[in-house]
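A.B. asks: no sequence for this one, just the structure:
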């Protein structure tokens with residue numbers, strides 16, 4: 001595993017537009033919120049694409065999903081403001097039943113061609129479980145699978161989904177992909193200055209975390225773990241693909 005240089009990975013100043021693709025309304029806040037907040041503070045334009053409505057997100061804090069979809073959309077917008085995200089895209093798929101279909105890939109290709117990001121962040125579709133306590137949600141894997149296929153080859157190949165050309169959406173080549181949740185990360189982003197912001201953003205999802213008394217401790221423990229792996233105090237870890 002490659003080690004981070006001192007200070008962690010620094011994103012080139014020329015990479016200005018960031019697209020983060022996730023399955024559920026709170027996924028980005030759990031996983032990449034510190035990196036997002038850091039890049040937003042650096043003046044980059046960040047867009048969130050949330051594939052599902054989050055309408056199946058019932059738990060001890062929200063025992064019923066009645067009227068849950070608009071609640072989760074409001075929470076997503078509040079969290080995005082905290083992180084400095086400029087734009088949210090809601091694709092409206094049903095929560096909990098996703099598959100990496102051609103239709104999903106087309107929808108994500110449409111988003112990539114419209115947003116025209118330099119960098120795409122998504123999850124790792126190859127990870128079935130983490131340790132012996134967490135089975136990776138099938139929605140996470142499905143969205144990550146479709147997102148990577150949308151980045152390559154679909155977004156940069158005009159002959160794939162030609163109907164998008166008819167919509168005025170020309171091919172676009174993504175320069176880099178940051179894959180979160182990888183079991184073999186090689187890139188570490190220093191989030192010491194934005195960890196508190198990440199925690200505040202996740203707490204905006206009250207339907208999912210309640211009062212969020214445990215949020216700071218959990219996210220800090222993850223940041224410490226990834227920081228230790230990358231030679232930093234607090235970090236988020238990624239597998240980075242450089243595509244051009």
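C.D. replies: Great, that's in hand. What you are looking at is a predicted structure, and each value in this text was computed from that prediction instead of being measured. Residues are numbered from 1 along each chain as shown.
A.B. asks: Where do the strands of the protein begin and end?
C.D. replies: 17-22, 45-52, 87-93, 119-122, 129-130, 134-135, 176-180, 187-190, 235-242 (DSSP state E).
A.B. asks: now the ones you listed as CSV including mean pLDDT and mean neighbour count?
C.D. replies: Every C-beta, even on glycine, is put in place using the N, C-alpha and C of the backbone. Shown next, in CSV, are the strands of the chain (pLDDT from 0 to 100; neighbours: other CB atoms under 10 Å):
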stretch, mean pLDDT, mean neighbour count
strand 17-22, 99, 25
strand 45-52, 98, 24
strand 87-93, 98, 17
strand 119-122, 98, 26
strand 129-130, 96, 10
strand 134-135, 96, 9
strand 176-180, 98, 23
strand 187-190, 98, 25
strand 235-242, 98, 22
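A.B. asks: Tell me how far residue 72 lies from residue 232.
C.D. replies: Applying CB to CB, to the nearest Å, the value for residue 72 to residue 232 is 32 Å.
A.B. asks: Dump the strands of the chain to a markdown table, plus distance to residue 102.
C.D. replies: Shown next, in a markdown table, are the strands of the chain (distance: least, CB to CB, whole Å):
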| stretch | distance to residue 102 |
| --- | --- |
| strand 17-22 | 16 |
| strand 45-52 | 15 |
| strand 87-93 | 14 |
| strand 119-122 | 18 |
| strand 129-130 | 27 |
| strand 134-135 | 26 |
| strand 176-180 | 20 |
| strand 187-190 | 30 |
| strand 235-242 | 22 |
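A.B. asks: among the ones you listed, which is nearest residue 68?
C.D. replies: Among the strands of the chain, the nearest to residue 68 by CB to CB is strand 45-52 (11.7 Å).
A.B. asks: angle of the closest one against strand 87-93?
C.D. replies: Per axes from the mean of the first three to the mean of the last three CA atoms, to 10 degrees, the angle that strand 45-52 makes with strand 87-93 is 10 degrees.
A.B. asks: Tell me which strands strand 45-52 pairs with, and in which orientation.
C.D. replies: As defined by DSSP bridges, the strand partners of strand 45-52 come to strand 17-22 (parallel), strand 87-93 (parallel).
A.B. asks: Among the strands of the chain, which comes closest to residue 221?
C.D. replies: The closest of these to residue 221 is strand 235-242. By CB to CB, the value is 12.4 Å.
A.B. asks: other SSEs contacting the closest one?
C.D. replies: Counting contacts by 3 or more CB pairs under 8 Å, 6 or more residues apart in numbering; DSSP states H and E, strand 235-242 is packed against helix 33-41, strand 176-180, strand 187-190, helix 215-230.
A.B. asks: Next, the angle from it to helix 33-41.
C.D. replies: Counting by the same axes, to 10 degrees, strand 235-242 lies at 70 degrees to helix 33-41.
A.B. asks: would you turn the helices and strands packed on strand 235-242 into TSV with distance to residue 108?
C.D. replies: Shown next, in TSV, are those (distance: least, CB to CB, whole Å):
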stretch	distance to residue 108
helix 33-41	18
strand 176-180	13
strand 187-190	22
helix 215-230	26
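A.B. asks: closest to residue 153 out of the strands paired with strand 45-52?
C.D. replies: With CB to CB as the measure, strand 17-22 is the member of the strands paired with strand 45-52 nearest residue 153 (16.4 Å).
A.B. asks: residues in contact with the closest one?
C.D. replies: 28, 31-32, 36, 39, 44-51, 85, 108, 111-112, 115-123, 143-144, 147 (CB atoms under 8 Å, 6 or more residues apart in numbering).
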